[in-house]
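Peer 1: Here is a sequence together with a model predicted from it:
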Amino acid sequence: MKVIVVKNQLEGGKIGLDLLKESINNGAKTLGLATGSTPVEFYNQIVNSDLDFTNMVSVNLDEYVGLDGSDEQSYRYFMTKHLFGEKPFKENFLPNGKATDLEAEAKHYDQIIEENPIDWQILGIGQNGHIGFNEPGTPAEITTHVVDLQESTIKANARFFESEADVPRKAISMGLASIMKSKNIVLMAYGKEKAEAIKGMVEGEVTTELPASILQNHANVTVIADEAAVSLLSK
């Protein structure tokens, strides 16, 4: 696991762009994408770049249950606003949060990932160590699944909604086993509130109580983090 320390999200976004360009030059065709505030500057860098995605596919990590792409809080809406609207892809995949049969939708999404192996996956990390919406206690072998969001995740995401009561309580998420199939993984983290999770992910034991720690078992992981996020690392 390689750790790159940056001054801020702008520098992190630029380094992320350089890593993405390198991967595309090496033949990457499918990108695994994330939402939330962490990758926004990275997406800004992409939008302002000369990269062309018209022959590429994207596969997103997750989507809230109950929201469709017209809802401003849905992740499809987020991706259209921050990336897809400016940089069209050949095809974009996100879980269908409005599916009537959520378990069937999870299996369908597994098939999508199987047919579109992810070459380069971007991740954020939650304060409790979740990646995607894989909360503490998630089995390492799980693939796409329906998640009951923990209170800490609901509170952390409430800033994007009018009130905490409006935050969906469930999501469909790519599983830990799905994420681990990605050829290359880049995880971004900014701010002191991520420091405990980063320390556990990089230097702690591999445990389901901190889902991101499973990344220690992946051969190609790069962490881009600011000084606050890495402040508890001993190395």
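Peer 2: Here it is on my side, so go on.
Peer 1: can you give me the helices for the protein?
Peer 2: In the chain, the helices defined using DSSP state H lie at 9-25, 40-47, 75-79, 102-115, 151-157, 176-180, 195-203.
Peer 1: For the third one, the averaged confidence score.
Peer 2: Model confidence over helix 75-79 averages 93 on the pLDDT scale.
Peer 1: do stretch 162-181 as well
Peer 2: Stretch 162-181 comes out at a mean pLDDT of 87.
Peer 1: May I have it as CSV, with CA atoms only?
Peer 2: Coordinates of each C-alpha in stretch 162-181 appear next as CSV, following Å, rounded to 0.1, in the frame of the first residue of the first chain:
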residue,chain,number,x,y,z
GLU,A,162,-32.3,19.2,4.3
SER,A,163,-32.4,17.2,7.5
GLU,A,164,-31.1,13.9,8.9
ALA,A,165,-34.6,12.5,8.7
ASP,A,166,-34.3,12.8,4.9
VAL,A,167,-31.2,10.5,4.6
PRO,A,168,-32.2,7.1,3.2
ARG,A,169,-31.6,4.3,5.7
LYS,A,170,-30.7,1.7,3.0
ALA,A,171,-28.4,1.5,0.0
ILE,A,172,-27.2,-1.0,-2.6
SER,A,173,-23.5,-1.3,-2.5
MET,A,174,-20.7,-3.0,-4.4
GLY,A,175,-19.3,-5.5,-1.8
LEU,A,176,-15.8,-5.9,-0.4
ALA,A,177,-15.1,-8.9,-2.7
SER,A,178,-16.3,-6.9,-5.7
ILE,A,179,-14.0,-4.0,-4.8
MET,A,180,-11.0,-6.3,-4.3
LYS,A,181,-11.4,-7.6,-7.8
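Peer 1: Without its sequence neighbours, what residue ends up closest to residue 230?
Peer 2: In space, residue 230 comes closest to residue 5 once its chain neighbours are excluded; the distance is 5.6 Å by C-beta to C-beta, 6 or more residues apart in numbering. No exception for glycine: its C-beta is placed from N, CA and C like everyone else's.
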